[in-house]
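> okay, predicted coordinates and the sequence, questions at the end:
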Amino acid sequence: MGKRKLSGVALTAKKIKERLSALYPQAKFSVTSDTFSMGNSVDIRWTDGPALEDVSAITDQYQYGSFDSMNDIYNYSNIDSALGCDGAKYVQCHRRISSEYNVQLATKADEYYGKLDSNDFGYRRKLAEIEKMFFHYPQAESKQSGSVMQGDMVISDLEYEVIQDVDTRDNSELYVVKIITRVEEFYALRREMKALGGYYSRFKKGFIFRSDPTAMLGGDAEDIESRKIGVHAYAP
């Protein structure tokens with residue numbers, strides 16, 4: 001008997017799990033697929049490990065459209081053929097935080113912010129910030145080539161500025177890439193910035209880097225002094 005060929009959505013689930021396992025070999029991902037009337041889906045579940053936004057930045061590439069709730073329609077689009085599968089109508093990530101890891105985050109948050117009340121508005125957001133600052137989950141260095149970044153980068157078609165700033169939490173230097181023009185492909189842009197070592201901050205309204213990213217972004221090697229601004233609070 002010949003080997004059974006995987007269905008489109010099952011193959012998509014397999015490709016997602018292979019990619020995530022290669023990027024985060026110490027994390028355990030459960031990736032399942034389902035087919036239903038008018039579509040299909042892939043669900044990704046894991047405990048602790050990499051942040052939800054980091055995994056979503058990868059798995060979003062495998063969803064071939066999005067639902068427009070205002071008009072009650074699903075808008076279809078093409079996924080990158082380099083992914084090697086058909087994709088799925090819905091790709092959803094579900095991250096669980098264990099009680100042990102939650103205690104670590106809460107303890108560090110109390111040290112950093114002062115004693116916090118878990119019932120306060122913004123408590124979960126502060127834990128997320130603490131995790132981003134002190135508990136970043138690393139990717140496997142040798143597997144970085146697994147990310148799909150072909151052709152011209154999205155950033156190359158945008159107008160942006162790189163601004164030197166200061167993190168008032170510890171007075172360390174940081175750089176903010178502010179996008180001036182309208183962004184049509186934000187998720188693709190976020191993936192590009194993450195691959196270069198940056199992450200998006202809604203407080204700064206730009207992408208944060210710990211070293212000057214001008215050269216990596218293909219910008220002119222102008223004097224960084226001309227882009228310095230005053231000290232601004234980074235933390236909310």
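Structure received. Numbers count the residues shown, from 1 in each chain.
> just the CA atoms of the one helix or strand in the chain whose mean pLDDT sits lowest, as CSV, please.
Every helix and strand of the chain was ranked by mean pLDDT, DSSP states H and E. The lowest is helix 186-195, at a mean of 78. The C-alpha coordinates for helix 186-195 follow below in CSV (Å, rounded to 0.1, in the frame of the first residue of the first chain):
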residue,chain,number,x,y,z
PHE,A,186,2.2,45.2,8.7
TYR,A,187,2.6,41.5,9.6
ALA,A,188,5.3,41.1,6.9
LEU,A,189,7.0,44.3,8.1
ARG,A,190,6.9,43.0,11.7
ARG,A,191,8.5,39.7,10.7
GLU,A,192,11.3,41.6,8.8
MET,A,193,12.0,43.8,11.8
LYS,A,194,12.0,40.8,14.2
ALA,A,195,14.5,39.0,12.0
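> which strands and helices sit next to it?
helix 52-59, strand 199-201 (3 or more C-beta pairs under 8 Å, 6 or more residues apart in numbering; DSSP states H and E). For the C-beta atoms, the positions are set from N, CA and C on the backbone; glycine is no exception.
> starting at the chain centroid, how far to the first one?
Helix 52-59 has its average C-alpha position 5 Å from the chain's average C-alpha position, going by C-alpha atoms, centre = their mean, to the nearest Å.
> try stretch 58-67
Relative to its chain's centre, stretch 58-67 lies at 13 Å (C-alpha atoms, centre = their mean).
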